[in-house]
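Participant: this one's structure only:
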């Protein structure tokens, strides 16, 4: 809980500083915003390492092939990155680009899930004894 409170404090202090700086130097406010975003992204990436370790352990213990878990992880990451990018575009006043980023993220998530859907369909075909046309 303490690391999350530090994240919130960093974000709020940065926002307050940006609000004060934006009136005088918008360029420095933008740089400060990007530095804060980079720091928070770095922290988020480091907190995801235990999740990746858990997924590797799940793969080892369950015998589930990595090709099944990889689309799930990639789709989740695409969702996270799409949300971040669309938010940045919206904050910059480019709502049209933000909506297209969201559309492209959705399309990419569907595309990456096709191997998983194919594996499920193959399993169903096997369970039904190849009765599917």
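Facilitator: Nice, thanks for sending it over. Treat the numbers as computed from the prediction; the structure is a model and nothing was measured.
Participant: which strands and helices sit next to the least confident helix or strand in the chain by mean pLDDT?
Facilitator: Sorted by mean pLDDT, DSSP states H and E, the helices and strands of the chain end with helix 49-62, the least confident at a mean of 83. Helices and strands touching helix 49-62, by 3 or more CB pairs under 8 Å, 6 or more residues apart in numbering; DSSP states H and E, are helix 66-91. For the C-beta atoms, the positions are set from N, CA and C on the backbone; glycine is no exception.
Participant: Please list all residues in contact with residue 62.
Facilitator: For residue 62, the contact set (CB atoms under 8 Å, 6 or more residues apart in numbering) is empty.
Participant: From residue 110, how far off is it?
Facilitator: 25 Å (CB to CB, to the nearest Å).
Participant: wait, doesn't residue 109 sit right on residue 80?
Facilitator: No: counting by CB atoms under 8 Å, residue 109 stays clear of residue 80, with 11.0 Å between them.
Participant: Pick out the residue closest to the middle of the protein.
Facilitator: When CA atoms, centre = their mean is applied to the chain, the residue found nearest the centroid is residue 80 (1.8 Å).
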